[in-house]
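K.L.:
Got a predicted structure plus its sequence, pasted below:
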Amino acid sequence: AQKVTQAQTEISVVEKEDVTLDCVYETRDTTYYLFWYKQPPSGELVFLIRRNSFDEQNEISGRYSWNFQKSTSSFNFTITASQVVDSAVYFCALSEAGAYNTDKLIFGTGTRLQVFP
Amino acid sequence: DTEVTQTPKHLVMGMTNKKSLKCEQHMGHRAMYWYKQKAKKPPELMFVYSYEKLSINESVPSRFSPECPNSSLLNLHLHALQPEDSALYLCASSQARGSSYNEQFFGPGTRLTVL
């Protein structure tokens, strides 16, 4: 069965601290995709990154970086020099092949990040 | 234009009302999704449309009825809802599988309250 685990329910940091959000996944598929989404208090889920199972290169985008390790089935997300605007719930997700060429997203339970000034 | 729009933003309805939620995207995506999200929980998939055909129904009660009039529009018709159906309803769209770009783009959601 496919599963995504985000063990950290809530993290609180002070502005400018670095913070890492953990994501561990389980799948039997050899081809799969991993995602991170941000959900601010307004409610909209904002797409941050997609990584496919054949690409283990880490990625950096501004203050955001992602570490994908197939050996440990992890896809962790680091925010460097956190800011108050980073306060949100962050979801890690795994895509499962669905019927008729669509993808089902399996979400983790989310990590609520609070950044205090 | 990576935008999915949803109307209304908020909806309050009684258990005997009939209402509809609307979703629109103009990204040329051929897959569209309805999710339900309760407070402090991840989104739960309800329905998936692919090329305007219903491809996945996650055993959703019949009081929720989806409709995809064309490739840009997705509706969710609501009838005889229960108070426990109160939640944030999110619409999303994506390119069909087979593309390298299969991320789902979400709308801002409709916050539904059933009295």
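P.N.:
Structure's in. What do you need?

K.L.:
C-alpha from now on. contacts and neighbour counts both.
P.N.:
Fine.

K.L.:
could you say which helix or strand contains the residue in chain B that chain A sits nearest to?
P.N.:
Relative to chain A, the nearest point of chain B is residue B:108 (4.2 Å; CA to the nearest CA). Taking DSSP states H and E as the definition, residue B:108 sits outside all helices and strands.

K.L.:
which non-adjacent residue is nearest it?
P.N.:
residue A:44 (4.2 Å; CA to CA, 6 or more residues apart in numbering or on different chains).

K.L.:
and that neighbour, helix, strand or coil?
P.N.:
Here residue A:44 takes the coil state, with states given by DSSP: H, G, I helix; E, B strand; the rest coil.

K.L.:
Can you get me a residue count around residue B:43?
P.N.:
By other CA atoms under 10 Å in any protein chain shown, the residues close to residue B:43 number 22.

K.L.:
Find me the pLDDT at the most centrally placed residue in chain B, would you?
P.N.:
Note on chain B: the residue nearest the mean C-alpha position is residue B:34, at 2.8 Å, using CA atoms, centre = their mean. Residue B:34 carries a pLDDT value of 97.

K.L.:
Contact residues of chain A facing chain B?
P.N.:
A:35, A:42-47, A:50, A:91, A:99-105, A:107-110 (CA under 8 Å from any CA of the partner chain).

K.L.:
how about the residue nearest to residue B:108, what does it touch?
P.N.:
Residues near residue A:44 by CA atoms under 8 Å, 6 or more residues apart in numbering or on different chains: B:106, B:107, B:108, B:109.

K.L.:
Go through the lowest-mean-pLDDT helix or strand in chain B and flag the buried ones.
P.N.:
Every helix and strand of chain B was ranked by mean pLDDT, DSSP states H and E. The lowest is strand B:53-57, at a mean of 89. The neighbour-count check on strand B:53-57 (16 or more other CA atoms under 10 Å in any protein chain shown) flags B:53, B:54, B:55, B:56 as buried.

K.L.:
any chance of those in JSON lines, plus distance to chain A?
P.N.:
What follows is the buried residues of strand B:53-57, written out as JSON lines (distance: CA to the nearest CA, whole Å):
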{"residue": "B:53", "distance to chain A": "9"}
{"residue": "B:54", "distance to chain A": "9"}
{"residue": "B:55", "distance to chain A": "6"}
{"residue": "B:56", "distance to chain A": "7"}
